[in-house]
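Colleague: what's the 3D shape of this:
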Amino acid sequence: MVAADPYRPAAVTQLQTLGRQLDIPVYHEPNKKPPDLAQDAVRHADRMGFNYVIVDTAGRTVIDEAMMREVSEIRRRLNPPEVLLVADAMTGQDAVKVAEQFHAQVGITGVVLTKMDSDARGGAALSLRTVTGVPIKFVGTSEKLDGLEQFHPDRIATRILGMGDVLTLIERAQQQTSEEEATRLASKFKKGTFDLEDFLDQMQKVRQMGPLEQLLGMIPGVSQAMKGQNLQVQEKDFKRIEAIIQSMTLQERRNPEIIGTSRKRRIARGSGMHTADVNKLLNQFREMQKMMKMLSRGKMPRGMPGLPFGMR
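Modeller: Predicted structure coming up:
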């Protein structure tokens, strides 16, 4: 990666930090003009045998001529196969204006649209595609390192329409769970032996897939239901659940039915919660076990057991 943005405060440091996290080298030489820096970086990459070079140039929410000349010069010298404009979806029509001018003066091959974690921002994607005529190649869905996804127009459309995005949800799940693990869990669902140890493990994996509200929005019908009921899912609710389950012994997690009054009091003290919180978790978990068992047998439960713990 090439740190070719000398204007934004801490831009170089930020890219260097990102490079360390991803184990990708970052090229930068202080006091060198961006076109010269970019050209030297490509030569350096060639000598080192690197296959790809990503040049991070200065960004603007408002186009200015000096910046355009600088970026045009970088493109002229490097002649890169891809020129991607990173646009902030939250800026709306401003992002469209910047993209239009950027494409006219520099020429771009694609767009990366960030902050696309809300259905309401689908209009920016449509406008950018129409105005520039180039495809949207990636979308940013969070500030985490894995919060960058390939853009699939049909999937974004179904999200906007409240029809979910099952394919993306499946892809994220496959990254967290092996086929062998999925088979094991399916067997436990069918037998009704899915326990709190399994639940804690799966909950932690789900949290690694992204914000829960975003994941729920990928399930057909759920996003509309959440909006209609004004539901919110907060990180602190999951931490409470983790604290309660982690305060249990391994035997209690695997056999929740042995948890009596004295055990509940001990678990509540250990997790900093109330006995009522432990009761609520256990009651809802039992209902969830029943629902999973019915679903695994091809039966549809008449009513849901309540929303997942903590959602409101």
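Colleague: and this protein, what are its domain boundaries?
Modeller: What the record gives for the chain is the domain set 2-163, 170-296, from automatic domain parsing.
Colleague: what is the end-to-end distance of stretch 17-29?
Modeller: 16 Å (CA to CA, to the nearest Å).
Colleague: circling back to that earlier point, mean pLDDT lowest where, among the domains of the chain?
Modeller: Lowest mean pLDDT of the domains of the chain: domain 170-296, a mean of 76.
Colleague: what packs against the helix or strand hosting Met203?
Modeller: Element membership for Met203, per DSSP states H and E: helix 196-208. Contacts defined by 3 or more CB pairs under 8 Å, 6 or more residues apart in numbering; DSSP states H and E place helix 196-208 against helix 166-176, helix 179-191, helix 235-246, helix 250-254. To be clear about C-beta, it is placed using only N, CA and C from the backbone, and glycine gets the same treatment.
Colleague: for stretch 249-264, measure first residue to last.
Modeller: End-to-end distance (CA to CA), stretch 249-264: 12 Å.
Colleague: does anything pack onto the longest helix along the chain? Which helices or strands?
Modeller: The longest helix of the chain (DSSP state H) is helix 275-296. For helix 275-296, the elements it packs on are helix 179-191, helix 235-246, helix 261-271, judged by 3+ CB pairs under 8 Å, 6+ apart.
Colleague: at 6 Å instead, please
Modeller: Packing partners of helix 275-296 (3 or more CB pairs under 6 Å, 6 or more residues apart in numbering; DSSP states H and E): helix 179-191, helix 261-271.
Colleague: got those as a markdown table, with mean neighbour count and distance to Lys144 columns?
Modeller: Listed next are those as a markdown table, based on neighbours: other CB atoms under 10 Å; distance: least, CB to CB, whole Å:
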| stretch | mean neighbour count | distance to Lys144 |
| --- | --- | --- |
| helix 179-191 | 13 | 23 |
| helix 261-271 | 16 | 27 |
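Colleague: got JSON lines for those, with distance to Ile136 too?
Modeller: Below are the helices and strands packed on helix 275-296 laid out as JSON lines (distance: least, CB to CB, whole Å):
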{"stretch": "helix 179-191", "distance to Ile136": "32"}
{"stretch": "helix 261-271", "distance to Ile136": "45"}
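Colleague: those: which one's closest to Gln202?
Modeller: Of all the helices and strands packed on helix 275-296, it is helix 179-191 that lies closest to Gln202, at 7.4 Å by CB to CB.
Colleague: and the closest one, how far from the chain's centre?
Modeller: 26 Å (CA atoms, centre = their mean, to the nearest Å).
Colleague: can I get it in CSV, CA atoms only?
Modeller: Extracted in CSV, the C-alpha atoms of helix 179-191 (Å, rounded to 0.1, in the frame of the first residue of the first chain):
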residue,chain,number,x,y,z
GLU,A,179,-19.2,-28.0,7.2
GLU,A,180,-18.4,-30.6,9.9
GLU,A,181,-19.4,-28.1,12.7
ALA,A,182,-22.7,-27.3,10.9
THR,A,183,-23.5,-31.0,10.6
ARG,A,184,-22.8,-31.5,14.3
LEU,A,185,-25.1,-28.6,15.3
ALA,A,186,-27.9,-29.8,12.9
SER,A,187,-27.8,-33.1,14.7
LYS,A,188,-28.0,-31.5,18.1
PHE,A,189,-30.9,-29.3,16.9
LYS,A,190,-32.8,-32.4,15.8
LYS,A,191,-32.1,-34.3,19.0
